[in-house]
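S.K.: build me a model:
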Amino acid sequence: MINTTIAKLALQALLGRRRFFLLLAFPVLLVALVALVTALTDGDAAFDILPGLGYPLVLPLVAILAASSVLGPEVDDGSIVYLLSKPVSRYGVAISKWLVALGATLTAGALPILVASLIAGDSDRAVGMFVGAIVAGTTYSALFLAISAVTRHAVIASLMFVLIWESLLGNLFTGVAWLSIGQWGLRVGHEISDRLPDPANLPYAVLAALVVTLGGVWFAGDRLRSFSLRGED
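M.R.: Below you'll find the model as predicted:
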């Protein structure tokens, strides 16, 4: 199902745009902030930044930039119709683009969370944060790819989801943790380090992340399969 040519084109689109520099800016700022807080206070204060800032904001923002870069521009300018006119599997296109977005999300999103956690100290908690970030990043990238396949305003729609649901409501109401991708990741990480938050039931968190991931990639492929050759939404 994976099309290497499409994956290479998606990677070129990701690396060749100014969004790539924004992709790097968020993790650099996160690591720098944690390093500064660690130098001025203690490791616990720095670790508090990661569940409250890294998971609900930095990680999904990186995923938005990655997912929108590999698919969004083709939907925006209508060039997606030329790709879809070829005899290639629409699901193969979606999977190939998602893998590129996933790789960028884990590299520029999950890996910096590990680095920042190690700077703050406590390797067990750092590994837990990293594993949780992999789960959340994988789910975020699939969801935002699906959104990119639906609308030309994918970045705005995705930002509204992140800022209102994940960041604002997720921090205000504990019940939202059941529907928060970042909280699902933290719950998985809690199994490695019990010093991480325990916001949801583990089987539910794993199942929910799996359903959203598979559903997001499938939906993106289905949307491409039924996409009008006129390039309309």
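
S.K.: which of the residues in the longest helix belonging to the chain are buried?
M.R.: Longest helix of the chain, by residue count under DSSP state H: helix 123-150. With burial defined by 16 or more other C-beta atoms under 10 Å, the residues of helix 123-150 counted as buried are 125-149. (C-beta placed from N, C-alpha, C; glycine too.)

S.K.: ok, stretch 110-124 next?
M.R.: Judged by neighbour count (16+ other C-beta under 10 Å), stretch 110-124 contains these buried residues: 110-120, 122.

S.K.: just stretch 190-201 next, same as before
M.R.: Residues of stretch 190-201 classed as buried by neighbour count (16+ other C-beta under 10 Å): 190, 192-193, 196, 199-200.

S.K.: give me the below-cutoff pLDDT ranges for this structure.
M.R.: Applying pLDDT under 70 to the chain flags the ranges 1, 17, 42-43, 72-87, 169-177, 226-233.

S.K.: and the helices in it, which stretches?
M.R.: 4-15, 19-40, 43-49, 59-70, 72-77, 80-84, 90-105, 111-120, 123-150, 154-160, 170-172, 181-190, 202-225.

S.K.: sorry, back to before: which strands and helices lie in contact with the longest helix of the chain?
M.R.: Under the contact criterion of 3 or more C-beta pairs under 8 Å, 6 or more residues apart in numbering; DSSP states H and E, helix 123-150 touches helix 59-70, helix 72-77, helix 90-105, helix 111-120, helix 154-160, helix 181-190, helix 202-225.

S.K.: now what about the third one, what contacts it?
M.R.: Contact with helix 90-105 is made by 1-4, 6-7, 10-11, 14, 23, 59, 62-63, 65-67, 69-71, 83-84, 137-138, 140-142, 144-145, 149, 216-218, 220-222, 224-225, 227, as judged by C-beta atoms under 8 Å, 6 or more residues apart in numbering.

S.K.: give me the buried subset of those.
M.R.: 3, 6-7, 10-11, 14, 23, 59, 62-63, 65-67, 69-71, 84, 137-138, 140-142, 144-145, 149, 216-217, 220-221, 224, 227.

S.K.: quick one on the thing from earlier: please name whichever of the helices and strands packed on helix 123-150 is nearest to residue 52.
M.R.: Closest to residue 52 of these, according to C-beta to C-beta: helix 181-190, at 9.8 Å.

S.K.: and the contacts of the closest one?
M.R.: When contacts are defined by C-beta under 8 Å, 6+ apart, helix 181-190 is touched by residues 51, 55-56, 59-60, 128-137, 139-140, 143, 166, 170, 176-177, 196-202, 205-206, 208-209, 212.

S.K.: how big is the angle separating it from helix 59-70?
M.R.: Orientation check (axes from the mean of the first three to the mean of the last three C-alpha atoms, to 10 degrees): helix 181-190 against helix 59-70 gives 120 degrees.

S.K.: what angle sits between helix 181-190 and helix 111-120?
M.R.: With the same axes, to 10 degrees applied, the angle from helix 181-190 to helix 111-120 works out at 50 degrees.
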